[in-house]
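**Q** Predicted structure and sequence below. I'll ask about it afterward.
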Amino acid sequence: MFEIIVEEHFSAAHRIEGYSGSCSNLHGHNWLVQMCLRTKSLNEIGMALDFREAKKLLKKVLEKLDHTFLNDNQFLKGENPTAERIAKAIFDEISLEVEDGIEVAHITVWESNSTAVRYSRE
């Protein structure tokens, strides 16, 4: 099994509704998103997937979140924009876009340099 891992950033603001603490206030993050794709096969030149294509796919999804107020962003379907829900929404969207033979292993969303959440279906 091969895993292809790429990272991209986006910037966005949110507030966690119902949270008892400072995260209930409007604030922003420079989010780091790591995408891990998995496949069993290689193409005719020995690549699982071109890194450029993987990054293009991730960027396409993150453009829907970049420089938005996540609480109002329809990509998150009106759900409270926690890092957990952001990771799952990205996972679900990329799962619709990957080509046959490739699956999304997991999505990791870093809210800061020291805090992250990882989502997978496993």
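**A** Alright, I've got the coordinates. Numbering: from 1, shown residues only.

**Q** quick one: contacts of stretch 92-102?
**A** 35, 37-41, 48-49, 57-58, 60-61, 64, 75, 103-104, 107 (CB atoms under 8 Å, 6 or more residues apart in numbering). For the C-beta atoms, the positions are set from N, CA and C on the backbone; glycine is no exception.

**Q** Would you indicate which residues of that stretch are buried?
**A** 93-94, 98, 102 (16 or more other CB atoms under 10 Å).

**Q** what do you get for stretch 84-91?
**A** The neighbour-count check on stretch 84-91 (16+ other CB under 10 Å) flags 85-91 as buried.

**Q** hang on, the earlier thing: save the buried residues of stretch 92-102 as CSV, and put in secondary structure too.
**A** Below are these laid out as CSV (DSSP: H, G, I helix; E, B strand; the rest coil):
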residue, secondary structure
E93, helix
I94, helix
V98, coil
I102, strand
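
**Q** which among these gets closest to S20?
**A** E93 (30.6 Å; CB to CB).

**Q** quick one: that closest one from A48, how far?
**A** 21 Å (CB to CB, to the nearest Å).
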